[in-house]
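S.K.: mind folding the following:
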Amino acid sequence: MTKRHVFLRRMLASVVLVVAAQVAFAQGPSTVQLQDLTWTELRDQIHAGKTTVIIPIGGTEQSGPYVAVGKHNVRVEVLAARIAQKLGNALVAPVVAYVPEGGYAPPTSHMRFPGTITIPDDVFEKMLESAANSFAVHGFRNIVFLGDHGGYQKDLKQVVAHLNKTWAGTHARAILPAAYYETSSDGYAQLLRQRGYRDDEIGTHAGLADTSLQLAVAPQMVRANALRHASKPGSADGVYGGDPRRSSAELGQLGVDAIVSRTVDAIRQETAGR
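M.R.: Have a look, this model is predicted:
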């Protein structure tokens, strides 16, 4: 091969690399996280058909001695991203971390434990409505609320009903897929019962179900070593009706898979033809 041929091949390779880089740049980053996009990238993705936005709602609350207080926030962020990826036409808004968790004068519910953050129900509802209206203004047609915590489900229903009444005659629609919370609570508990786990292990808060889900999505938030050597925790510890000591990521993955698949199906049904 002559020097000229070598030079031409190198030039061609350089051109190919430049073109590939330009194409990748034009396509934008491969992320479903809205906060990682510029406004122009977001505009282009909406125009290209990403007209569903998921608002993940968590909560900052105690979850017993062995699970970090940001449990709901991290969990809903991970699950919302997986749901958006499977939908293919959705983006994920920043997580709502401040939610109603009880009173503080005097402290009630989870507010009796350090680390819990609460806001009033009306403030919470107004915040969600404002976020949803922001997305509607910018071209999103389907605004999906995913609430990871049971305490504010009634608030979400009120927000969705009010938004859809306000948006009547427009292209925007608020959606609260019941499958998300139903699967993460009763649906997942049923899966565990089928594998021989008892209700007094599964629990309703910070028990085997809750802790296993967290081990599957964010194991660093579970104090697994301390948990394995602990005596059975109770309500005074912030663990309600369950026993987390036999929790595992494998059990949690059962719940993760069910939550994602059933929620994706529910959203697709709700948004068919939109």
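
S.K.: what does the pLDDT read for the residue most central in space within the chain?
M.R.: In the chain, the residue lying closest to the centroid (C-alpha atoms, centre = their mean) is residue 76, at 2.4 Å. Residue 76 carries a pLDDT value of 98.

S.K.: list the helices and strands the helix or strand containing it packs on?
M.R.: If you go by DSSP states H and E, residue 76 is part of helix 71-87. Counting contacts by 3 or more C-beta pairs under 8 Å, 6 or more residues apart in numbering; DSSP states H and E, helix 71-87 packs against strand 52-57, strand 90-92, strand 142-147, helix 208-217, helix 249-271. (C-beta placed from N, C-alpha, C; glycine too.)

S.K.: now those in JSON lines, please, with extra columns for mean pLDDT, mean neighbour count and distance to residue 176.
M.R.: Listed next are the helices and strands packed on helix 71-87 as JSON lines, based on pLDDT from 0 to 100; neighbours: other C-beta atoms under 10 Å; distance: least, C-beta to C-beta, whole Å:
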{"stretch": "strand 52-57", "mean pLDDT": "98", "mean neighbour count": "26", "distance to residue 176": "10"}
{"stretch": "strand 90-92", "mean pLDDT": "98", "mean neighbour count": "25", "distance to residue 176": "15"}
{"stretch": "strand 142-147", "mean pLDDT": "98", "mean neighbour count": "26", "distance to residue 176": "5"}
{"stretch": "helix 208-217", "mean pLDDT": "98", "mean neighbour count": "26", "distance to residue 176": "20"}
{"stretch": "helix 249-271", "mean pLDDT": "98", "mean neighbour count": "19", "distance to residue 176": "9"}
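
S.K.: who touches the residue nearest to residue 184 when sequence neighbours are not counted in this structure?
M.R.: Nearest residue to residue 184, sequence neighbours excluded (C-beta to C-beta, 6 or more residues apart in numbering): residue 259, at 5.2 Å. Going by C-beta atoms under 8 Å, 6 or more residues apart in numbering, residue 259 touches 79, 180, 183, 184, 187, 188.

S.K.: tell me the secondary structure at the third one.
M.R.: The three-state assignment at residue 183 reads helix, by DSSP: H, G, I helix; E, B strand; the rest coil.

S.K.: measure how buried it is and give me the count.
M.R.: Residues lying near residue 183 (other C-beta atoms under 10 Å) number 24.

S.K.: between the helices and strands packed on helix 71-87, which one is closest to residue 195.
M.R.: Closest approach to residue 195 among those is made by helix 249-271 (7.7 Å; C-beta to C-beta).

S.K.: one step back: what residues does the helix holding residue 76 touch?
M.R.: For helix 71-87, the external contacting residues (C-beta under 8 Å, 6+ apart) are 32-33, 52, 54, 56-61, 63, 90-92, 95, 97, 146-149, 180, 210, 213-214, 217-218, 221, 256, 259-261, 263-264, 267-268.

S.K.: from the middle of its chain, how far away would that helix be?
M.R.: The chain centre lies 3 Å from the centre of helix 71-87; the measure is C-alpha atoms, centre = their mean, to the nearest Å.

S.K.: and stretch 144-154, by the same measure?
M.R.: Its chain's C-alpha centre and that of stretch 144-154 lie 11 Å apart, by C-alpha atoms, centre = their mean.

S.K.: quick one: residues contacting residue 147.
M.R.: 57, 76, 153, 156, 176, 180, 181.

S.K.: can you add distance to residue 202 and give the helices and strands packed on helix 71-87 back as JSON lines?
M.R.: Formatted as JSON lines, the helices and strands packed on helix 71-87 follow (distance: least, C-beta to C-beta, whole Å):
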{"stretch": "strand 52-57", "distance to residue 202": "23"}
{"stretch": "strand 90-92", "distance to residue 202": "29"}
{"stretch": "strand 142-147", "distance to residue 202": "20"}
{"stretch": "helix 208-217", "distance to residue 202": "5"}
{"stretch": "helix 249-271", "distance to residue 202": "10"}
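
S.K.: wait, which of those is closest to residue 70?
M.R.: Closest to residue 70 of these, according to C-beta to C-beta: helix 208-217, at 10.1 Å.

S.K.: since that was my last question, I'll sign off now.
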